[in-house]
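# Build me a model from this:
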Amino acid sequence: MNFLIRGKSDNERGLNHMRILIFGGGKMGAAFAAGLNQAKNISAEIVVADPMSALQSQLEDEGIRVVRSVDSLIGDGWLPRHVICAVKPDIALNVLADNAGFISKAETLISLAAGISHAALMSIRPGPAHCIRAMPNMPVMTGQGVIGAVCSRSFPDTLRTEIELLLTPLGKLFWLADDEAVDTLTAISGSGPAYIFHFVEALSQAAQKLGMSAEEANEIAKQTLIGATSILMESDRSPTDHRNDVTSPNGTTAAALAVLMSETGLEPLLTKATQAAFRRAQEIASEIE
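Sure thing, here's the model as predicted:
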């Protein structure tokens, strides 16, 4: 898998004012809208199109315009430079097809819909000049997300740089080689936050079985994760190095790790889990297309 990482530190050059349309005002669409609206490296006029967004008031409070359809935009002569599709996968292609004439005026279509291949996006006619399939994860809501993206080889370098500056305020952007790489990323970082949340949930349950109250267990489990993550983020050393630092021979941590690192422990379980997620990502693609 070949990819290029662009971190937030790369956002040194601002972009001229641009118009961005987001189809879908759910959690991911709203997260993208809010993140782009708050980004300091770009100047953007953002419009969210959603006939029934539950987050409309929240978006409008942040100065983001919400419309029920693009008909009002057509009447205003408003045309986007970039279109982001953040609707559910099962309706994504229909939404894009129904609005193809309007989308064709845009420079780039960026689809966040799981299972919609880059080839399927490119087949929409009339379509935009360029298409990107992207897979973000939930932490884009806090600017700490992972976004995997795939585009055609003919995608202009100048436009690629623009997309990087557009997306990296939301987290780290990884350019991937193909759709299969996006499915792999989906199994790791796309679904990954749920794995982490479940680990904290399980650690809390284990603490309660040792006698802690539910409130104590939840807070201690969450803070343990926050503290450990902060060490990982502030150090160039590997997770293995940090694990060894915490583990004393014949100590309490070693006793616990003997279970977690056994043949039926955490690593084989995660391998099995991510393989299941990868297979499901490919099944979803075949079901949709």
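# Flag every buried residue along stretch 206-219.
Buried positions in stretch 206-219, judged by neighbour count with 16 or more other CB atoms under 10 Å: 207-208, 212, 217-218. Backbone N, C-alpha and C define where each C-beta goes, glycine included.
# ok, now stretch 173-193?
Buried residues in stretch 173-193, defined by neighbour count with 16+ other CB under 10 Å: 173-176, 179-192.
# Equivalent analysis for stretch 38-56, please.
Buried residues in stretch 38-56, counting neighbours by 16+ other CB under 10 Å, are found at 39, 42, 44-50, 53, 55-56.
# How far does it sit from its chain's centre?
The gap between the average C-alpha position of stretch 38-56 and the chain average comes to 16 Å, counting by CA atoms, centre = their mean, to the nearest Å.
# just the CA coordinates of it, formatted as CSV?
In CSV, the C-alpha atoms belonging to stretch 38-56 read as follows (Å, rounded to 0.1, in the frame of the first residue of the first chain):
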residue,chain,number,x,y,z
GLN,A,38,-13.1,26.8,11.6
ALA,A,39,-10.0,26.2,9.6
LYS,A,40,-7.5,29.1,9.6
ASN,A,41,-5.7,28.1,6.4
ILE,A,42,-8.7,28.5,4.1
SER,A,43,-11.5,31.0,3.5
ALA,A,44,-14.6,29.2,2.5
GLU,A,45,-18.3,29.8,2.0
ILE,A,46,-19.9,26.5,3.1
VAL,A,47,-23.4,25.3,2.3
VAL,A,48,-25.0,22.1,3.5
ALA,A,49,-27.8,20.5,1.5
ASP,A,50,-30.0,18.2,3.5
PRO,A,51,-33.8,18.0,3.3
MET,A,52,-34.1,17.1,7.0
SER,A,53,-30.9,17.7,8.9
ALA,A,54,-31.3,17.2,12.7
LEU,A,55,-28.3,19.4,13.1
GLN,A,56,-29.6,22.4,11.1
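# can you pull out the strands in the protein?
4-6, 15-23, 42-49, 65-67, 82-85, 108-111, 130-136, 145-151, 171-175 (DSSP state E).
# As JSON lines, these with mean pLDDT would be great.
Supplementary listing: the strands of the chain in JSON lines, determined by pLDDT from 0 to 100:
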{"stretch": "strand 4-6", "mean pLDDT": "39"}
{"stretch": "strand 15-23", "mean pLDDT": "83"}
{"stretch": "strand 42-49", "mean pLDDT": "88"}
{"stretch": "strand 65-67", "mean pLDDT": "92"}
{"stretch": "strand 82-85", "mean pLDDT": "96"}
{"stretch": "strand 108-111", "mean pLDDT": "95"}
{"stretch": "strand 130-136", "mean pLDDT": "94"}
{"stretch": "strand 145-151", "mean pLDDT": "95"}
{"stretch": "strand 171-175", "mean pLDDT": "95"}
